[in-house]
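[1] Pasting the sequence and the predicted coordinates here, then a few questions.
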Amino acid sequence: MSTDRQPQPSSLRPAPPAPSSSQRLLKVGTLARETGKTVRAIRFYEELGLLMPVKRTPGGFRQYDNNARIRIHWIDRLQDLGFSLTEIRDFLSALQDEDSGPRAMEQLRAFYARKLLETRQSIARLDALQGELTESLAYLSTCQSCSPSTSRAACRSCDDEAHRDVPTPRLVLAVQDPA
């Protein structure tokens, strides 16, 4: 994962929203604990312009509102999709550069639609892999009748009763010596 450490120009950083008087503000350590991040990760998100505290205490401590939790969840999900933090920053910047709310939301909708399709394709590939692994494990679980001195080459033409009418799975065939 690429995490270029270039400070974000202030023009790309969103102005922090003013917290409502009823909203509980979190210090960086609390936010880190509640989101499963490190304090350093939270500060790095801020350096990249991905996250901004809503205010600082007179002592200079960062304070975050609930939107920070939401933003961190969003960052995590985009990283799950394979984005680096720099790519997330650039994506967010492109959205923020769009003056029209409907156009920005259309860009976000199109992006999410593409990612949903890619996610479904990944799930289908993983489901197929799961099937192959299950088939291979079932086949291999019957490999109990050979003596320890049987050569691996003999596995290619196994004559065990449990394997007679069952084709050898491709994941097993691939590691067998050619005949």
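    Yes, it's here. Note that the coordinates shown come from a computational prediction; the quantities given were computed from them, not determined experimentally.
[2] For the rest of this, base every contact and every neighbour count on C-alpha atoms.
    Fine.
[3] SS state for G59?
    What DSSP: H, G, I helix; E, B strand; the rest coil gives for G59 is coil.
[4] any idea how far L140 is from it?
    Between G59 and L140 the distance, using C-alpha to C-alpha, to the nearest Å, works out to 64 Å.
[5] Comparing these two, which shows the higher neighbour count?
    More neighbours surround L140 than the other of G59 and L140, with 14 against 6 (other C-alpha atoms under 10 Å).
[6] got a list of what the more buried one touches?
    For L140, the contact set (C-alpha atoms under 8 Å, 6 or more residues apart in numbering) is empty.
[7] any idea how far L133 is from it?
    Counting by C-alpha to C-alpha, the gap from L140 to L133 is 10 Å.
[8] Relative to the whole chain's centre, how far out is the biggest helix by length in the chain?
    In the chain, with assignment by DSSP state H, the single longest helix is helix 101-141. Remark: helix 101-141 is offset 12 Å from the chain centroid, using C-alpha atoms, centre = their mean, to the nearest Å.
[9] what's the following helix or strand after that helix?
    Downstream of helix 101-141, the first helix or strand assigned by DSSP states H and E is helix 170-173.
[10] Give the residue spans of the chain that score low on pLDDT.
    1-22, 154-157, 177-179 (pLDDT under 70).
[11] what number of residues lie near Y45?
    Per other C-alpha under 10 Å, the neighbour tally for Y45 reads 18.
[12] Confirm for me that it is in contact with V39.
    No: counting by C-alpha atoms under 8 Å, Y45 stays clear of V39, with 9.9 Å between them.
[13] middle-most residue in this protein, spatially?
    D80 (1.4 Å; C-alpha atoms, centre = their mean).
[14] Need the nearest residue in space to P53, chain neighbours excluded.
    Using C-alpha to C-alpha, 6 or more residues apart in numbering and skipping residues adjacent in sequence, the residue nearest P53 is Y64, 4.7 Å away.
[15] The one you found: what's it in contact with?
    25-28, 31, 52-55.
[16] what about stretch 72-86, distance to the chain center?
    The gap between where stretch 72-86 is centred and where its chain is centred comes out at 6 Å by C-alpha atoms, centre = their mean.
[17] What is the end-to-end distance of it?
    This stretch, stretch 72-86, spans 14 Å end to end (C-alpha to C-alpha).
[18] Please convert the contacts of Y64 to TSV, extending it with distance to S84 and secondary structure.
    Shown next, in TSV, are the contacts of Y64 (distance: C-alpha to C-alpha, whole Å; DSSP: H, G, I helix; E, B strand; the rest coil):
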residue	distance to S84	secondary structure
L25	28	coil
L26	26	strand
K27	26	strand
V28	22	helix
L31	21	helix
M52	19	coil
P53	22	coil
V54	25	coil
K55	27	strand
